[in-house]
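>>> need coordinates for the following:
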Amino acid sequence: MLRVCLVLLYAGASLAQNTCVDGTAESQKVRLSIKTALGDKAYDWNEDEMFLFRATLAFAMRKHFNMDFNVSSILVCHETVRVSFYFVVVDPNNSSNLMSKSEVEKAV
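Below is the predicted model:
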């Protein structure tokens, strides 16, 4: 039973990651220049910052669509040290569907 659960968890994570691909119609590119913006007050981007980004985006999606988006609805891929990444938003009612890029832009 444990083996089946682990396989399903791994497969689910793998499938979710495959939906977040740079250059696809629904992916959004984010590139931040914290050092340029803040100079000497710049800070390192870390997991906490990424969580806040995802939570803020999920909040905006909830407000715009009146649907139950959460942090796990925001998939991030191709992160770089220089703070750039792509993201897609998964439909909370059907995790195999991505929200359209234009709808995500309207929500933000």
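>>> so F51 sits against S72, correct?
No: using CB atoms under 8 Å, F51 makes no contact with S72, being 11.2 Å away. In this view, the C-beta of every residue, glycine as well, is placed from N, C-alpha and C.
>>> would you map the strands across this structure?
28-31, 74-77, 84-89 (DSSP state E).
>>> mind showing which ranges of the chain have poor pLDDT?
1-18, 21-23 (pLDDT under 70).
>>> helices of that one, residue ranges please.
For the chain, the helices defined by DSSP state H occupy 2-19, 34-38, 47-65, 101-107.
>>> may I see the buried residues of the third one?
Of the residues in helix 47-65, 50, 53-54, 57-58, 60-62, 65 count as buried by neighbour count, 16 or more other CB atoms under 10 Å.
>>> what angle separates it from strand 84-89?
40 degrees (axes from the mean of the first three to the mean of the last three CA atoms, to 10 degrees).
>>> just the residues contacting helix 47-65, thanks.
If you take CB atoms under 8 Å, 6 or more residues apart in numbering as the criterion, helix 47-65 is touched by 30, 67-71, 73-74, 76, 79, 87, 89, 99, 103-104, 106-108.
>>> and those, which are buried?
Buried, going by 16+ other CB under 10 Å: 69, 73-74, 76, 87, 89, 99, 104, 107, out of these.
>>> okay if I get these as a markdown table plus distance to T19?
Shown next, in a markdown table, are the buried ones among the contacts of helix 47-65 (distance: CB to CB, whole Å):
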| residue | distance to T19 |
| --- | --- |
| F69 | 15 |
| S73 | 11 |
| I74 | 12 |
| V76 | 11 |
| F87 | 11 |
| V89 | 10 |
| M99 | 11 |
| V104 | 14 |
| A107 | 18 |
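>>> gap between D91 and I74?
12 Å (CB to CB, to the nearest Å).
>>> could you do N46 as well?
17 Å.
>>> which residues touch Q28?
With the criterion set at CB under 8 Å, 6+ apart, Q28 makes contact with 86-88, 101, 104-105.
>>> now do S33
S33 neighbours (CB under 8 Å, 6+ apart): V83.
>>> can you check the one 5 residues further on too?
Contacts here follow CB under 8 Å, 6+ apart; on that basis L38 touches nothing.
>>> for T19, same thing?
Contacts of T19 (CB under 8 Å, 6+ apart): 75, 88, 90, 98.
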